[in-house]
Structure formats: C-alpha cells, structure tokens
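Here's my sequence, what's the structure:
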Amino acid sequence: MMPNRRLTNGLGLLVCVGLLGYAYYAQMHLHLEPCPLCIFQRIGVAGIGLAFLLATLHNPRGWGSRIYGLLIVVAATATLGVAARNVWIQHLPADQVPTCGASLSYLLDIFPLTQVIRTVLTGSGECAEITWTLFGLSMPAWVGIAALGLGGWGIWANFRQIRRPSVRF
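Predicted coordinates:
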C-alpha cells in the first residue's frame, strides 16, 4: 500500500527542518559563517518546507495537491538555481572570483530589496570559499542535490493518484 499524501508531505517537511537544523548547527557550533548565497539557499529550503507544511496541514485531493506540488517544485528550482550559482562561483579561477562585498545586513539597510537580491545573486568573494565538504562536495552542492530530491519528492507526493479503498457491504 502506498503511503498517504499527508505522510509523504510531512516527511518532506522533516527533511527541510533537518537541513535547516544542520545549517544552524554548522553556523553556531562549527563556526561556519554563511555567505549571502548560503542565506538565500536557507530561505529557499525554508520555502520548500513551508510548502510541504501547508500541503501536510491542508491534505488536499485532486487539483489542490497539484498546486502544492507546483509550489514545492518552484521553490526547489529556485533553491537549486542559487546553489548552482554558488557552486559555479566556488569553481571559478582565483583571478575571476568577484571581490568581497558588504554584508547582507548592510545591503538590506542601504538598498531596496530588488537591488539587494540582484547584488547577492551576482556573488562575492566569500561565496567562493569552501569551508566544509562531505565526500568532496561543498555544502552548496549538497543543498542543490537536496533541492533536486525534494522537488522530485514533492512531485511524487502530490501528483500521484492515491487510490481510496472502496467500501463494500
């Protein structure tokens, strides 16, 4: 028997909570300061988690579940794009790495949000540093893999047909 939609969306939510939990653990206990692109990736994972949470609580049928699936895919795609940009910056030759810029909090204080987003997505020198790896992949690479997996999970959880048992008397 296939698991129900509420359970599969809830599991997606738990994965997002685990990813964010590890990110905060790495920041607070391993003293790995996130770059601006890493912060955007956290926002993306939180967005995926929010979509999974809403799908879990609402537990819609039919087209409603597909809307949640689409929201999950959109958030996962955006997160994958930011992670891919970060990995690309990490693999630039040293002479092509952008210079370090102002902190995200300073940018938010000075510039309008659209300018901040544009500035952050261009990347900066601190986004090129690789301070953590697992099996040779940096944290942004793992976030990209997780976003790809969560997007696929969101499609599977919300686009598949769930057969309701028929009651016969």
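
Can you classify the most centrally placed residue in the chain by secondary structure?
The geometric centre of the chain, computed from its C-alpha atoms, lies nearest to Val45 (C-alpha atoms, centre = their mean), at 2.8 Å. Under the three-state scheme (DSSP: H, G, I helix; E, B strand; the rest coil), Val45 adopts helix.

Now do the strands in this structure.
Using DSSP state E, the strands of the chain run over 133-134, 137-138.

Save the ones you listed as JSON lines, and put in mean neighbour count, mean pLDDT and distance to Ala146 too.
Just so you know, the C-beta spots here come from the backbone N, C-alpha and C atoms, and that holds for glycine as well. Below are those laid out as JSON lines (neighbours: other C-beta atoms under 10 Å; pLDDT from 0 to 100; distance: least, C-beta to C-beta, whole Å):
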{"stretch": "strand 133-134", "mean neighbour count": "10", "mean pLDDT": "84", "distance to Ala146": "12"}
{"stretch": "strand 137-138", "mean neighbour count": "17", "mean pLDDT": "93", "distance to Ala146": "11"}
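
okay if I get these as a markdown table plus distance to Leu7?
Shown next, in a markdown table, are the strands of the chain (distance: least, C-beta to C-beta, whole Å):
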| stretch | distance to Leu7 |
| --- | --- |
| strand 133-134 | 28 |
| strand 137-138 | 30 |
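
and the longest helix anywhere in the chain, what does it pack onto?
When the chain is parsed with DSSP state H, its longest helix is helix 63-90. Other elements packing on helix 63-90 under the criterion 3 or more C-beta pairs under 8 Å, 6 or more residues apart in numbering; DSSP states H and E are helix 5-28, helix 36-58, helix 139-159.

ok, 10 Å please
With contacts taken as 3 or more C-beta pairs under 10 Å, 6 or more residues apart in numbering; DSSP states H and E, helix 63-90 sits against helix 5-28, helix 36-58, helix 113-122, strand 137-138, helix 139-159.
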